[in-house]
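A.B. asks: Here is my input, please return the structure:
(one chain, ligands or ions: 1)
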Amino acid sequence: MRYGFNAATAAGVSAMPDRDVDAVIVGAGFAGLYMLHRLRGMGLSALVLEAGGGVGGTWYWNRYPGARCDVESIQYSYQFSQELQQEWEWSERYAPQPEILRYAEHVADRYDLRRDIRFDTRVKTAVYDSGPGRWRLEAEDGARFTATWCIMATGCLSAANLPELPGRDAFAGATYHTGQWPHDGVDFTGLRVGVIGTGSSAIQSIPIIAGQAAHLTVFQRTPNYTIPARNAPLDPELVRRVKADYPALRRQAWRMPNGIAFRPNPQSALAATPEERRREYQARWEEGGLTFMGAFNDLILDPDANATAAEFVRGKIREIVADPDTAEALCPSNVIGCKRLCVDTDYYRTFNRANVTLVDVARSPIEAITPTGVRVGGVEHPLDAIVYATGFDAMTGALLRIDIRGEGGRALRDKWDGGPRAYLGLATAGFPNLFMITGPGSPSVLTNMLPSIEQHVDWIADCLGHLRARGLARIEAEPAAEDAWVAHVNEVAGGSLRSTCSSWYVGANVPGKPRVFMPYIGGFPAYVDRCEAIAANGYEGFALGA
Ligand code: NA7
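C.D. replies: Numbers count the residues shown, from 1 in each chain. As a prediction, the model looks like this:
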């Protein structure tokens, strides 16, 4: 057992399993770290419980080859401290996982956060005790904690999804999940490797694994659209310009629906001529990255507009991939941007390598994992190692893997049986004093996570300050306000092409999960305005109590 406390505190904790604090925070990713910093600044006692052995959340677990952020480094960082954003130096346009992890570690050290983080502590239960009005949490190691406020900073993409394939556990070779990668890395040299999945994690790792393995077999159920990252060392002149007025870039980002400063084109794709469209798509393809979807203003709203962008990318795939059958198999037919767009380095080109085979498991699904490989359509693909790049039980998975019980012992799992219900994605009726950072019903995964996290943390901290100033110690979302918000979340989702395909946004990747479009798609600025108006109106839609 490893503790983040200093020795004296750690000894105190192990001798006294029950620890009572004002606020317990679950998770030491970017959300948990900043929440701890804010609460400490308010003079509250706070303790972070973290399942991993270190800080960083997503960036602690996702150590697969090629893992990097698809939001540009210069924007994927905290903005709460001028000093912090001035002093940190990113090396590349898209920071690789080890560098983002170093950044999280730097933040933890700079603000002396580790002494209030208990590592290797996976929370098993969180139960609201309405008598004293306190949350009681128990970890898998039996340690217990009590707090007035329980803040879930458990992440949107942190509960690994490992499909129940027949024979899975009988495989004799090595098995990995991209989201639970060994810390000392994996050397695939000389091995026959299978990658299951073709989402973002697969698309980042496949080119690198292909460069090592004797042979790589990719099992693809749904082809994905991916845009070249054009990753490169960060231009020092760009960094100098941004740092000369970082707040200006942040202000620009806060006005964008996805919380990322970029150059959207206000024109409709359908109003443009075919040649204008081609030029715009080509320019964005060359620029690289997620801004491809900003080529026109109706790509995610109008199926005909979207089809023009989709066809452009399919044309690129056919140009890049030499074998026409492989190229066709790699061409997605669904709406571009419906599943999260991917950003890659040499993904499509990798399929020109002699040691890479693509196996389409859309029509003929994986029949079984055998002790020596993967069987599809009666054909065995012999393998020494399998990489599950099969994603996450997104948005609700990490919350529901904890047995969370609110007023009257009601389980969150039961309340959310038909899909998540939360007011602003911050709180859920029947669970007083429980907050979720970037919970379902908030913009979260549709935005740059860092500003979304900071906005939620600041809102929660301000809310606790408001309650304290009035001698109050209880807050709970009102069912009517929650119902109205959930209805609004669903209504705006219905207007977007994003809700039309089988993505993890709707829970489609996890068998049996209710199909609900989980994040709020109304845009970051509208969401922030709503949160601020609710706070300004005395936390409208919340019941406050002593
Ligand atoms: P994703 O994007 O959820 O991708 C998971 C992939 O695994 C996807 O291609 C799935 O196919 C595939 N999958 C899942 N289960 C199976 C089974 N049973 N058989 C075959 N293939 C399967 O996860 P990532 O980790 O790549 O990325 C998650 C997010 O992290 C990403 O969006 C970024 O925001 C960062 P499917 O598409 O469901 O047919």
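A.B. asks: give me every residue that touches Thr273.
C.D. replies: Under the criterion of C-beta atoms under 8 Å, 6 or more residues apart in numbering, Thr273 has no neighbours. All C-beta spots, glycine's among them, are computed from the backbone N, C-alpha and C.
A.B. asks: Give me the pLDDT for it.
C.D. replies: In this prediction, Thr273 carries a pLDDT score of 98.
A.B. asks: Ok, Met1 next?
C.D. replies: 25.
A.B. asks: who in the stretch 401-546 of the chain is up against the ligand?
C.D. replies: For the stretch 401-546 of the chain, the residues in contact with the ligand (C-beta under 6 Å from any ligand atom) are 504, 509.
A.B. asks: Strands along the stretch 401-546 of the chain, start to end?
C.D. replies: All strands of the stretch 401-546 of the chain, identified by DSSP state E, counting those that start in this stretch, fall at 403-405, 434-436, 474-477, 542-545.
A.B. asks: list the buried ones in the third one?
C.D. replies: Of the residues in strand 474-477, those scored as buried under the neighbour-count criterion (16 or more other C-beta atoms under 10 Å) are 475-477.
A.B. asks: now swap in the first one and tell me
C.D. replies: Along strand 403-405, the positions that meet the burial threshold by neighbour count (16+ other C-beta under 10 Å) are 404-405.
A.B. asks: So this protein: which segments form each domain?
C.D. replies: 7-159+394-441+472-520, 168-388 (automatic domain parsing).
A.B. asks: Not including adjacent chain positions, what is the nearest residue to the residue in the stretch 151-300 of the chain that the ligand sits nearest to?
C.D. replies: Nearest residue of the stretch 151-300 of the chain to the ligand: Gly199, at 2.1 Å (C-beta to the nearest ligand atom). Spatially, and ignoring its direct neighbours in sequence, Gly199 is nearest to Gly391 (5.4 Å; C-beta to C-beta, 6 or more residues apart in numbering).
A.B. asks: need the residues of this structure near the ligand, please.
C.D. replies: Applying C-beta under 6 Å from any ligand atom, we find that the chain lies next to the ligand at 157, 163, 178, 196-202, 219, 221-222, 340, 361, 366, 389-392, 504, 509.
A.B. asks: What about these, which are in helices?
C.D. replies: Assigned to helices by DSSP state H, the following of the residues of the chain next to the ligand qualify: 200-202.
A.B. asks: leaving aside the residues next to it on the chain, what's closest to Arg353?
C.D. replies: Nearest one to Arg353, counting by C-beta to C-beta, 6+ apart, is Ala210 at 5.6 Å.
A.B. asks: show me where the stretch 1-150 of the chain has helices.
C.D. replies: All helices of the stretch 1-150 of the chain, identified by DSSP state H, counting those that start in this stretch, fall at 7-15, 30-41, 58-61, 82-87, 97-110.
A.B. asks: cool, and the stretch 351-500 of the chain?
C.D. replies: For the stretch 351-500 of the chain, applying DSSP H, counting those that start in this stretch gives helices covering 397-400, 412-415, 449-469, 479-494.
A.B. asks: which one of the ones you listed is the most hemmed in?
C.D. replies: Per residue and on average, the most neighbours among the helices of the stretch 351-500 of the chain fall to helix 397-400, with a mean of 22 (mean count of other C-beta atoms under 10 Å).
A.B. asks: which residue ranges form the strands in the stretch 51-200 of the chain?
C.D. replies: Taking DSSP E, counting those that start in this stretch to define them, one finds strands in the stretch 51-200 of the chain at 117-118, 123-129, 134-139, 144-152, 174-177, 192-196.
A.B. asks: can you put the ones you listed in JSON lines and add mean pLDDT?
C.D. replies: Shown next, in JSON lines, are those (pLDDT from 0 to 100):
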{"stretch": "strand 117-118", "mean pLDDT": "98"}
{"stretch": "strand 123-129", "mean pLDDT": "98"}
{"stretch": "strand 134-139", "mean pLDDT": "97"}
{"stretch": "strand 144-152", "mean pLDDT": "98"}
{"stretch": "strand 174-177", "mean pLDDT": "98"}
{"stretch": "strand 192-196", "mean pLDDT": "98"}
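A.B. asks: where are the low-confidence patches of the stretch 101-250 of the chain?
C.D. replies: Counting by pLDDT under 70, the stretch 101-250 of the chain contains no low-confidence range.
A.B. asks: Enumerate every residue touching the residue in the stretch 251-400 of the chain that the ligand sits nearest to.
C.D. replies: As assessed by C-beta to the nearest ligand atom, the ligand sits closest to Gly391 within the stretch 251-400 of the chain, at 2.5 Å. Taking C-beta under 8 Å, 6+ apart, we find Gly391 in contact with 157, 161, 179, 197, 199, 201, 504, 509.
A.B. asks: between the buried residues of strand 474-477, which is nearest the ligand?
C.D. replies: When these are compared against the ligand (criterion: C-beta to the nearest ligand atom), the nearest one is Ala477, at 27.2 Å.
A.B. asks: Okay, and the beta partners of the closest residue to Gly179 other than its chain neighbours?
C.D. replies: Leaving out its chain neighbours, the residue that sits closest to Gly179 by C-beta to C-beta, 6+ apart is Ala160, at 4.4 Å. Here Ala160 sits in beta bridges with Phe392, going by DSSP bridges.
A.B. asks: Having no further points to raise, I will conclude here.
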